[in-house]
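**Student:** fold the following, please.
(4 chains)
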There are 2 protein chains.
Amino acid sequence: MSQARVTSLQVALKAGVSQSAVSRVFTPGASASVKTIEKVQKAATELGYRPNSLARAMVSGKSRVIGLVVAYLNNQFYPEALENLSKKFQERGYHVLVFMASNSSDNIDTVVEGILDYQVDGIIAASVSLSPELSNKCRKAGVPLVLFNRAHESPKMSAVTSDNYAGGEKVAKYLVSAGYEKIAYLAGWEGASTQRDREAGFVDTLNACGIKLFSRGFGNFEMAQSRKATHEMFKNTANHRPDAVFVANDHMALAVMDTLRYELGLKIPEDVAVVGYDDVPAAEWPSYDLTTVRQCSEQMVNITIDILLEEIETEDSQPRIVKIDGPLIIRGSSKIIKENENAGF
Amino acid sequence: MSQARVTSLQVALKAGVSQSAVSRVFTPGASASVKTIEKVQKAATELGYRPNSLARAMVSGKSRVIGLVVAYLNNQFYPEALENLSKKFQERGYHVLVFMASNSSDNIDTVVEGILDYQVDGIIAASVSLSPELSNKCRKAGVPLVLFNRAHESPKMSAVTSDNYAGGEKVAKYLVSAGYEKIAYLAGWEGASTQRDREAGFVDTLNACGIKLFSRGFGNFEMAQSRKATHEMFKNTANHRPDAVFVANDHMALAVMDTLRYELGLKIPEDVAVVGYDDVPAAEWPSYDLTTVRQCSEQMVNITIDILLEEIETEDSQPRIVKIDGPLIIRGSSKIIKENENAGF
DNA sequence: ATGAAAGCGCTAACAA
DNA sequence: TTGTTAGCGCTTTCAT
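**Tutor:** I've put the predicted structure just below:
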């Protein structure tokens, strides 16, 4: 039943006008007389005509499609962001073409080249790191690119993140001032700027407080590895294990909490405090009640969209690097052990 | 720096062949001599040429884009499915254009019409119910449509679900045979076939066992509403409240468990057993350890893709309704109270 | 095997 | 305001 598609020409014939008249009626901001508009719309609805976006994109050079590269969909932070991105682009008349990426950079390069072939108007790279050649290619192709939740050395590319360094600082200050002394860090994938910045802000601040990191584990942003790392980190007796651990993101922190409680028999926060990063929905669930640094997902999304659309619509806009400050949300997975006047410095 | 795009004509000029020769080299299954292929590929890489997917789609009538309508991304079942869908379509040379939908059907109709404009080769509607007019429109446009995780009365449309009725049956049999007697049900959004079928299978089977549903709440597939409903359902003293509750999906069940434990002070499974549906990742997390019916997401995705691609590629394929059986995964949120020989019937 | 030529459905000058 | 015309970049007959 592959019915042939109704074209503007057929509408024109039926309405008794020219094909371009039909086009004008369906082109916002074009001029046509009321009479023409009426005739065309009548014919169009009768025939069930809708303009072909592809043809329109070909000739206008604007596809109104945004390519979105994304990974880590099992981390609740990303579905939420994806949902917001997609909804808000829809409101603005764009649609989102999704490309799943792993973190092997070959893969990503291939994937992004695939995107370019679709003549997307812009690209959002969420939680993936792009090779310099790749971002060059996008620039040469005239396709704006915004990094979401990843920073980049080069200031030639726009990027939106939370202020990860400041976030790490906040956690360190909080834990120190709350009286914790044997403070550990569980790292995420080391290729991620978010991981590096959070750790740097955290460790620098501990040091400034005269505290040395007690121990460091590696969870690679994955739950299974985080469980393993937690076992390793907490294998010693009470005096020789951390009394607090900052985990590079909530997704890992949830696994850490479960491991501590149900595999190691430790109490949170009595035996050990856990702090995460992101404030994903589950952080608030009573089972976890996780102290964490909030990444204001919606705000990050809004700014990302604004930047991208600006770069698409204005001729030579400068790349913008935006870091959004997020508050430390103190919940039940940590508590004040003793007031510590010496927290600031 | 909006560099002009490299076209096949430019490659042709540089390679000293005709434009159609270039096209053939980049068209799988077209014929060209080794010499031509070499010349063209050399020129193409030097120029950085890649075929324009849009132009190709226009003339060939195949865009290699699949439209995916999705809602409920906060329910872990869907990000997982989306990730699999997207990855597997990529492997097959397709890409996924995402459309977020709410459940207001106006919205969905608008959204799907928007998809059609992009000349997608097929549509997957995940967790949304389509109006008959809409599915008609797709058929008339010759765009195959497969429902994912939703069934439909009309057998004119392909649909892939788990066997929700059988799933409800399994839960009922299990709870009865485990010795529960005051058995409640917490419903999801009533417009969803999954909700209706799970409830029907559950209640029919309880009745067949001579047990009347103890009470029924309404959670609308949302956590906040599920919390409220849980309060209402468990407001009475021990003898007058359920000793087991089947929740229409895991997403709600997680909220139910947290509410029971942390707001109502009840123990699971000692005071009340909780059973969910889906087997989302969190169901397995030690904090929940939720007994649930597994929906084999990956299998559902594979079949969905197979069906859709078959409908795309073969002329007149018949719609297929597939129900995938999923096992009951028994975990710690339920236990055997007393052996009950009378479970079967 | 290859080139010439005809469109795919539309927008955007350009005339009128 | 409207119709005519020329493409957008490609695939696909059709000759050669």
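**Student:** burial count for the residue lying closest to residue A:278 once chain neighbours are set aside?
**Tutor:** Distances taken as CB to CB, 6 or more residues apart in numbering or on different chains place residue A:250 nearest to residue A:278, at 4.3 Å, with adjacent residues excluded. Yep, even glycine has a C-beta here, placed from its N, CA and C like the rest. Counted by other CB atoms under 10 Å in any protein chain shown, the residues lying close to residue A:250 total 30.
**Student:** contact partners for residue A:250?
**Tutor:** The neighbourhood of residue A:250, defined by CB atoms under 8 Å, 6 or more residues apart in numbering or on different chains, consists of A:75, A:76, A:77, A:276, A:277, A:278, A:279, A:280, A:282, A:283, A:290, A:292.
**Student:** for residue A:4, give me the pLDDT.
**Tutor:** We have a pLDDT of 65 for residue A:4.
**Student:** in strands only, show me the contacts of residue A:250.
**Tutor:** Judged by DSSP state E, the subset of the contacts of residue A:250 located in strands is A:276, A:277, A:278, A:292.
**Student:** highest neighbour count among these?
**Tutor:** Busiest of the ones in strands among the contacts of residue A:250 [other CB under 10 Å] is residue A:277, holding 33 neighbours.
**Student:** tell me the contacts of that one?
**Tutor:** Applying CB under 8 Å, 6+ apart, the residues near residue A:277 are A:164, A:167, A:171, A:198, A:246-250, A:253, A:292-293, A:295.
**Student:** ranking these by neighbours, who comes first?
**Tutor:** In terms of neighbours by other CB under 10 Å, the contacts of residue A:277 top out with residue A:246 at 33 neighbours.
**Student:** am I right that residue A:112 is in contact with residue A:141?
**Tutor:** No. Applying CB atoms under 8 Å as the test, residue A:112 and residue A:141 come out as separate, 10.3 Å apart.
**Student:** can you read off the pLDDT for the closest residue in space to residue A:324 that isn't next to it in sequence?
**Tutor:** Distance criterion CB to CB, 6+ apart; nearest residue to residue A:324, sequence neighbours excluded, is residue A:162 at 5.2 Å. According to the prediction, residue A:162 has pLDDT 98.
**Student:** how about the helices in the stretch 201-345 of chain A?
**Tutor:** A:223-233, A:250-258, A:281-284, A:297-313 (DSSP state H, counting those that start in this stretch).
**Student:** with the stretch 51-200 of chain A instead?
**Tutor:** Secondary structure of the stretch 51-200 of chain A (DSSP H, counting those that start in this stretch): helices at A:53-60, A:77-91, A:105-117, A:132-141, A:164-177, A:193-208.
**Student:** show me what the fourth one is packed up against.
**Tutor:** Applying 3 or more CB pairs under 8 Å, 6 or more residues apart in numbering or on different chains; DSSP states H and E, we find helix A:132-141 packed against helix A:105-117, strand A:145-148.
**Student:** what's the burial count for residue A:138?
**Tutor:** 22.
**Student:** mind listing what it touches?
**Tutor:** Counting by CB under 8 Å, 6+ apart, residue A:138 makes contact with A:112, A:116, A:123, A:144, A:145.
**Student:** drop anything exposed from those residues.
**Tutor:** For the contacts of residue A:138, a burial check counting by 16 or more other CB atoms under 10 Å in any protein chain shown picks out A:112, A:116, A:123, A:144, A:145.
**Student:** closest one to DNA strand D out of the contacts of residue A:277, please.
**Tutor:** Taking CB to the nearest atom of the strand as the measure, DNA strand D sits nearest to residue A:295 out of these, at 39.7 Å.
**Student:** surely the closest one touches residue A:276?
**Tutor:** No. Applying CB under 8 Å as the test, residue A:295 and residue A:276 come out as separate, 10.7 Å apart.
**Student:** helix or strand for residue A:21, just tell me which one.
**Tutor:** Assessed by DSSP states H and E, residue A:21 sits inside helix A:19-25.
**Student:** the closest residue to residue A:205 other than its chain neighbours: what's it in contact with?
**Tutor:** Leaving aside its sequence neighbours, residue A:205 sits nearest to residue A:172 (CB to CB, 6+ apart; 3.6 Å). Going by CB under 8 Å, 6+ apart, residue A:172 touches A:183, A:201, A:202, A:203, A:204, A:205, A:206, A:209, A:246.
**Student:** put the buried members of those into a ChimeraX selection.
**Tutor:** In ChimeraX syntax, the buried subset of these is picked out as below (16+ other CB under 10 Å):
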select /A:183,201,202,203,205,206,209,246
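**Student:** dump the contacts of residue A:172 to JSON lines, plus pLDDT.
**Tutor:** Converted to JSON lines, those look like this (pLDDT from 0 to 100):
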{"residue": "A:183", "pLDDT": "98"}
{"residue": "A:201", "pLDDT": "98"}
{"residue": "A:202", "pLDDT": "98"}
{"residue": "A:203", "pLDDT": "98"}
{"residue": "A:204", "pLDDT": "98"}
{"residue": "A:205", "pLDDT": "98"}
{"residue": "A:206", "pLDDT": "98"}
{"residue": "A:209", "pLDDT": "96"}
{"residue": "A:246", "pLDDT": "99"}
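**Student:** ok, of the contacts of residue A:172, which one's closest to DNA strand D?
**Tutor:** residue A:201 (46.5 Å).
**Student:** how near is that closest one to chain B?
**Tutor:** Residue A:201 is 29 Å from chain B, where distance means CB to the nearest CB, to the nearest Å.
**Student:** the closest residue to that residue other than its chain neighbours: how many residues sit nearby?
**Tutor:** What sits nearest to residue A:201 in space, not counting adjacent residues and going by CB to CB, 6+ apart, is residue A:168, at 2.8 Å. Counted with other CB under 10 Å, the neighbours of residue A:168 add up to 26.
**Student:** and if you look at residue A:64?
**Tutor:** Neighbours of residue A:64 using other CB under 10 Å come to 18.
**Student:** now it, nearest residue through space, not along the chain?
**Tutor:** residue A:94 (5.1 Å).
**Student:** so that neighbour sits right up against residue A:120, yeah?
**Tutor:** No. At 9.5 Å, residue A:94 and residue A:120 do not qualify as touching, with contact defined as CB under 8 Å.
**Student:** tell me which of those two has more neighbours.
**Tutor:** residue A:120 (28 against 22).
**Student:** number of nearby residues for the closest residue to residue A:294 other than its chain neighbours?
**Tutor:** Spatially, and ignoring its direct neighbours in sequence, residue A:294 is nearest to residue A:279 (3.8 Å; CB to CB, 6+ apart). Using other CB under 10 Å, residue A:279 has 24 other residues around it.
**Student:** would you enumerate the residues in contact with residue A:279?
**Tutor:** Residue A:279 sits next to A:250, A:292, A:293, A:294, A:295, A:326, A:329 when contact means CB under 8 Å, 6+ apart.
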